[in-house]
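Asks: Sequence and predicted structure below; questions after.
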Amino acid sequence: MIEQINETKSYIEQQLNDFKPDIGLILGSGLGILADEIENPTTIAYKEIPHFPTSTVSGHKGQLVIGNLQGKNVIAMQGRFHYYEGYEMNQVTFPVRVMKALGVEKLVVTNAAGGINESFNPGDLMIINDHINMMGDNPLIGPNDDDLGPRFPDMSQAYNRELIQLAKQCGEDLNLELREGVYVGNTGPTYETGSEVKMLRTLGGDAVGMSTVPEVIVANHAGIDVLGISCISNMAAGILDQPLSHDEVIETTEKVREDFIKLVRHVVEKMN
Ligand SMILES: Nc1nc2ncn(CCNC(CO)CO)c2c(=O)[nH]1
């Protein structure tokens, strides 16, 4: 793994002329538009990057965008890899390893998610304060490389408390009514059933999606501080008693992208 990380790191650094990213951004379904706001961008298609998979899902562009956002040096994934695409957990999370190797110490992970909490509405933005891994897998299974992180990482603050407070303050600054809650990681690609939603709500879930958990586990292993933001793109199965569709997910994220971009820009600006 280390050799692959270093090979990919060197390939990317050759495109950057000594530019060092400090903040990583993983932009979920329909949220990649934020990367278009990055100034002086260096864009590298995933298919050009050694050991990177390629995105196969609509709403995920499939490229790294590296440059300046609100005066900070950022590296953004415009499109992510999902376990349901058939990638192994270590493939899904490989970009996080590379971000760490490039110098990233703070990571903003975003996603579109289904609302489990019945007080939520499509279009809400939720600050993630914890997650429940229902994916039945873990990117750290297998031999541990102590140079990458500890064998048994602590996950009691998987989502950094200071970054959560920062995001909530940014929401107040922008007069955005933000939600806060627990994200449940489901493997997908099926959306959850009504009975599964009832179970997840009983377990304490507020939103459900098919990503984020693997990346956050690896970020914690690597010692990266994480902020997670979900765009509640629709209500989970059985709540509104209507069929779920990916088109609806993209449509809702397009509607809220203005507020989403304002929030993430402000958070990046205030990060130190
Ligand atoms: N009910 C529900 N609504 C959702 N909106 C987005 N996602 C995250 C999954 N996104 C997939 C399919 O849209 C694309 O990665 C979900 C989900 O898993 N469940």
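Replies: Alright, I've got the coordinates. Numbers count the residues shown, from 1 in each chain.
Asks: The residue of the stretch 51-200 of the chain found nearest the ligand: what secondary structure?
Replies: In the stretch 51-200 of the chain, no residue comes nearer to the ligand than Gly114, which is 2.3 Å away by C-beta to the nearest ligand atom. Quick note: C-beta positions are derived from backbone N, CA and C, even for glycine. Of the three states, Gly114 takes strand under DSSP: H, G, I helix; E, B strand; the rest coil.
Asks: Assign a three-state SS to the residue of the chain most remote from its centre, would you?
Replies: Centroid-distance maximum for the chain: Asp241 at 27.8 Å, with C-alpha atoms, centre = their mean. Under three-state DSSP, Asp241 falls in the coil class.
Asks: Quick one, grab the pLDDT at it.
Replies: At Asp241, the pLDDT value in this model is 72.
Asks: Tell me where the model's unsure across the stretch 151-272 of the chain.
Replies: For the stretch 151-272 of the chain, no stretch has pLDDT under 70.
Asks: ranges for the strands of it?
Replies: For the stretch 151-272 of the chain, the strands defined by DSSP state E, counting those that start in this stretch cover 179-185, 207-209, 225-235.
Asks: Just name the most buried of these.
Replies: Comparing the strands of the stretch 151-272 of the chain by mean neighbour count (mean count of other C-beta atoms under 10 Å), strand 207-209 comes out on top with a mean of 27.
Asks: What count of nearby residues applies to the residue of the stretch 51-200 of the chain closest to the ligand?
Replies: The number of residues packed around Gly114, counting by other C-beta atoms under 10 Å, is 27.
Asks: From Met235, how far off is it?
Replies: Distance of Gly114 to Met235, given as C-beta to C-beta, to the nearest Å: 6 Å.
Asks: which bits of the stretch 151-272 of the chain sit near the ligand?
Replies: 186, 188, 191-192, 208-210, 233-234, 236-237, 244, 246, 249 (C-beta under 6 Å from any ligand atom).
Asks: Quick check: Ile250 touching Gly32?
Replies: No. With contact defined as C-beta atoms under 8 Å, Ile250 does not reach Gly32; the gap is 10.7 Å.
Asks: who has more neighbours, these two?
Replies: More neighbours surround Gly32 than the other of Ile250 and Gly32, with 25 against 17 (other C-beta under 10 Å).
Asks: Surely that one and Leu64 touch.
Replies: No. Gly32 is beyond contact range of Leu64, at 11.3 Å (criterion: C-beta under 8 Å).
Asks: if I look at those two, which residues touch both of them?
Replies: Listed as contacting both Gly32 and Leu64 by C-beta atoms under 8 Å, 6 or more residues apart in numbering are Gln78.
Asks: For burial, what's the neighbour tally of the nearest residue to Asp173 once chain neighbours are set aside?
Replies: The shortest distance from Asp173 to any non-neighbouring residue, by C-beta to C-beta, 6 or more residues apart in numbering, is to His266 (6.3 Å). His266: 19 surrounding residues under other C-beta under 10 Å.
Asks: mind listing what His266 touches?
Replies: With C-beta under 8 Å, 6+ apart, His266 has these contacts: 70, 170, 173-174.
Asks: Just to confirm, what's the three-state secondary structure of the closest residue to Gly142 other than its chain neighbours?
Replies: Distances taken as C-beta to C-beta, 6+ apart put Asn90 closest to Gly142, at 7.9 Å, once the chain neighbours are dropped. What three-state DSSP gives for Asn90 is helix.
Asks: ok, now how distant is the residue farthest from the centre of the chain from Arg179?
Replies: The spacing between Asp241 and Arg179, counted by C-beta to C-beta, is 22 Å.
Asks: before we move on, what about Asn17?
Replies: Taken as C-beta to C-beta, the span from Asn17 to Arg179 is 41 Å.
Asks: if we can go back for a sec, Serialize the strands of the stretch 151-272 of the chain to a markdown table and add fields for distance to Glu254.
Replies: Shown next, in a markdown table, are the strands of the stretch 151-272 of the chain (distance: least, C-beta to C-beta, whole Å):
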| stretch | distance to Glu254 |
| --- | --- |
| strand 179-185 | 19 |
| strand 207-209 | 17 |
| strand 225-235 | 10 |
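Asks: ok and the helix or strand hosting Ile127 relative to strand 225-235, angle-wise?
Replies: In the assignment (DSSP states H and E), Ile127 maps to strand 125-133. Here the directions of strand 125-133 and strand 225-235 differ by 100 degrees (axes from the mean of the first three to the mean of the last three C-alpha atoms, to 10 degrees).
Asks: Good, wrapping up.
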